[in-house]
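Colleague: what follows is a predicted protein model with its sequence.
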Amino acid sequence: MAKMRVVQVGRPKGPLELAEREIPAPGPGSVRIKVEACGICHSDSLTKEGLWPGIQYPRVPGHEVAGIIDAVGENVGAWRVRQRVGVGWHGGHCGYCDSCRRGDFVTCQIAPQITGVSYDGGYADYMIAPATVLALIPEGLSAVDAAPLMCAGITTFNALRNSGARPGDTVAVLGVGGLGHLGVQFAAKMGFRTVAIARGKDKEGLARKLGAWQYIDSQAQDAAGELAKLGGARVILATVTSGKAMSAVLGGLGINGKLIVVGAAMDPLEVPALALIGGRRSIQGWPSGISADSEDTLSFSARAGVRAMTEVFPLERAAEGYEHMMSGQARFRAVLTTAR
Ligand SMILES: [Zn+2]
Ligand SMILES: [Zn+2]
């Protein structure tokens with residue numbers, strides 16, 4: 001039996017360890033992917049630290065997968081060997097709950113599947129994935145380019161395109177990090193008057209290079225006041241992980257403005273009720289999306305030239321890459337590659 005490398009977590013809060021396993025065969029409705037690259041996402045900590053209820057260990061994390069189909073099970077529709085595909089956070093759905101019956105698979109309530117949480121993910125040479133969650137990777141995007149778009153990319157792209165903002169509207173991106181550096185590019189390429197907000201002066205050059213029309217240094221300036229001077233934002237995409245920082249920009253929302261939360265902040269937001277009422281302002285969360293959304297993200301990125309800035313680690317150095325990402329040092333996404 002041929003073997004493959006995986007990087008697995010043996011128990012909650014256990015280390016990421018390299019292991020050897022037999023290469024699995026795809027069952028009905030599934031394909032086997034020869035993984036080429038897998039991004040490291042902050043949400044991989046759910047598996048690593050055992051923060052998601054019901055995870056069975058050992059578990060292989062990784063939900064920013066890019067690779068090539070190398071075997072197919074029965075009933076996988078038109079998917080075939082040698083197609084380049086990605087797999088993201090949404091790793092499957094039940095098909096019969098109220099959400100699924102309305103076609104809203106990402107909010108499946110009965111049996112939502114998360115790649116690298118519910119089943120083994122992309123920190124490996126091979127993985128098995130349901131055919132329903134595959135996104136085709138277009139030519140012109142390398143596996144390392146595609147991988148971070150499968151979570152950080154789709155989340156910001158899909159939140160922005162469903163935000164109600166139209167070309168010419170002012171859209172602010174709060175935070176220029178793993179999610180935010182993609183959010184700024186998407187917003188600019190979608191034709192919004194894109195405002196980047198980050199702490200300190202040092203990210204201004206980069207933010208403008210990524211397409212920001214204006215840059216607000218939230219340490220030196222009152223970000224809400226500066227946004228108000230620009231006429232107020234139609235949308236603020238909050239990619240930071242601080243509820244306090246999100247609360248601080250609420251005053252920068254224009255009439256009908258919406259704060260869209262994609263950063264998983266643990267501290268609560270503080271919201272002045274009157275400001276919401278008077279200007280019909282709102283706050284909304286946004287999860288990533290389904291495979292068709294991923295495919296749209298990849299295709300838009302390929303054509304519009306949106307790319308994640310990545311630091312690449314070989315699979316066997318996954319633990320180091322993970323620490324690098326979690327400590328906030330990565331500029332801006334860490335990606336594992338299986339090439340050797
Ligand atoms: Zn993620
Ligand atoms: Zn469902």
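Modeller: Now that the structure is in, tell me what you want to look at. Fair warning: this is a prediction, and the values are worked out from it, not measured in the lab. Residues are numbered from 1 along each chain as shown. Ligands and ions are numbered 1, 2, ... in the order given.
Colleague: interface residues of the protein facing ligand 1?
Modeller: Along the chain, the residues adjacent to ligand 1 under the rule C-beta under 5 Å from the ion are 41, 43, 151. All C-beta atoms are positioned from the backbone trio N, CA, C, and that covers glycine.
Colleague: count the neighbours of the last one for me.
Modeller: Residue neighbour count, defined by other C-beta atoms under 10 Å, stands at 31 for residue 151.
Colleague: for it, give me its contacts.
Modeller: Residue 151 makes contact with 39, 41, 43, 63, 64, 88, 89, 288, according to C-beta atoms under 8 Å, 6 or more residues apart in numbering.
Colleague: most neighbours among those, which one is it?
Modeller: Taking other C-beta under 10 Å to define a neighbour, the member of those with the most is residue 64, carrying 33 neighbours.
Colleague: for the closest residue in space to it that isn't next to it in sequence, list each beta-bridge partner.
Modeller: The spatially closest residue to residue 64, leaving aside those adjacent along the chain, is residue 39, at 3.0 Å (C-beta to C-beta, 6 or more residues apart in numbering). The residues paired with residue 39 through beta bridges, assigned by DSSP bridges, are residue 335.
Colleague: span of stretch 259-273 from start to end?
Modeller: As for stretch 259-273, its first-to-last residue distance stands at 14 Å under the measure C-alpha to C-alpha, to the nearest Å.
Colleague: circling back to that earlier point, inside strands: which ones of the contacts of residue 151?
Modeller: When these are checked against strands using DSSP state E, the ones located there are residue 39.
Colleague: got the contacts of residue 151 as JSON lines, with pLDDT columns?
Modeller: Converted to JSON lines, the contacts of residue 151 look like this (pLDDT from 0 to 100):
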{"residue": "39", "pLDDT": "98"}
{"residue": "41", "pLDDT": "96"}
{"residue": "43", "pLDDT": "95"}
{"residue": "63", "pLDDT": "98"}
{"residue": "64", "pLDDT": "98"}
{"residue": "88", "pLDDT": "98"}
{"residue": "89", "pLDDT": "97"}
{"residue": "288", "pLDDT": "93"}
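Colleague: the contacts of residue 151: which two are farthest apart?
Modeller: 39 and 288 (12.7 Å; C-beta to C-beta).
Colleague: if we can go back for a sec, the residue nearest to residue 64 touches residue 147, doesn't it?
Modeller: Yes: look at residue 39 against residue 147 with C-beta atoms under 8 Å: they come within range, at 4.1 Å.
Colleague: between the two, which contacts overlap?
Modeller: Both residue 39 and residue 147 are contacted by 64, 310, 335, under the criterion C-beta under 8 Å, 6+ apart.
Colleague: out of the residues you listed, who's nearest ligand 2?
Modeller: The shortest gap between ligand 2 and any of the shared contacts of residue 39 and residue 147 belongs to residue 64, at 23.1 Å (C-beta to the ion).
Colleague: quick one: the closest one and residue 143 touch, right?
Modeller: No: with contacts defined as C-beta under 8 Å, residue 64 does not count as touching residue 143, sitting 10.6 Å away.
Colleague: following element in sequence after the helix ranked longest in the chain, please.
Modeller: Ranked by residue count, the top helix of the chain under DSSP state H comes out as helix 291-304. Scanning forward in sequence from helix 291-304 by DSSP states H and E, the next helix or strand is strand 310-314.
Colleague: list the buried ones in that following strand?
Modeller: 310, 313 (16 or more other C-beta atoms under 10 Å).
Colleague: on the three-state scheme, the closest residue to residue 287 other than its chain neighbours is what?
Modeller: Using C-beta to C-beta, 6+ apart and skipping the chain neighbours, the partner closest in space to residue 287 is residue 106 (5.4 Å). State at residue 106, reduced to three classes by DSSP: H, G, I helix; E, B strand; the rest coil: helix.
Colleague: how much space between residue 106 and ligand 2?
Modeller: Residue 106 sits 10 Å away from ligand 2 when distances are taken as C-beta to the ion, to the nearest Å.
Colleague: look up the pLDDT of whichever residue of the stretch 101-250 of the chain sits closest to ligand 1 for me, please.
Modeller: Proximity of the stretch 101-250 of the chain to ligand 1 (C-beta to the ion) peaks at residue 151, 3.2 Å away. Per-residue confidence for residue 151 comes out at a pLDDT of 98.
Colleague: ok, back up a step: turn the shared contacts of residue 39 and residue 147 into CSV, columns for distance to ligand 2.
Modeller: Formatted as CSV, those follow (distance: C-beta to the ion, whole Å):
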residue, distance to ligand 2
64, 23
310, 33
335, 31
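Colleague: and which of the residues you listed is nearest residue 280?
Modeller: For the shared contacts of residue 39 and residue 147, the nearest to residue 280 is residue 64 (36.0 Å; C-beta to C-beta).
Colleague: who are the contact partners of the closest one?
Modeller: Here residue 64 is in contact with 38-41, 86, 88, 122, 147-152, 333, 335 (C-beta under 8 Å, 6+ apart).
Colleague: distance between the worst-scoring helix or strand of the chain on mean pLDDT and the chain's centre?
Modeller: Least confident element among the helices and strands of the chain, by mean pLDDT, DSSP states H and E: helix 273-278 (a mean of 91). For helix 273-278, the separation from the chain centroid amounts to 31 Å (computed by C-alpha atoms, centre = their mean, to the nearest Å).
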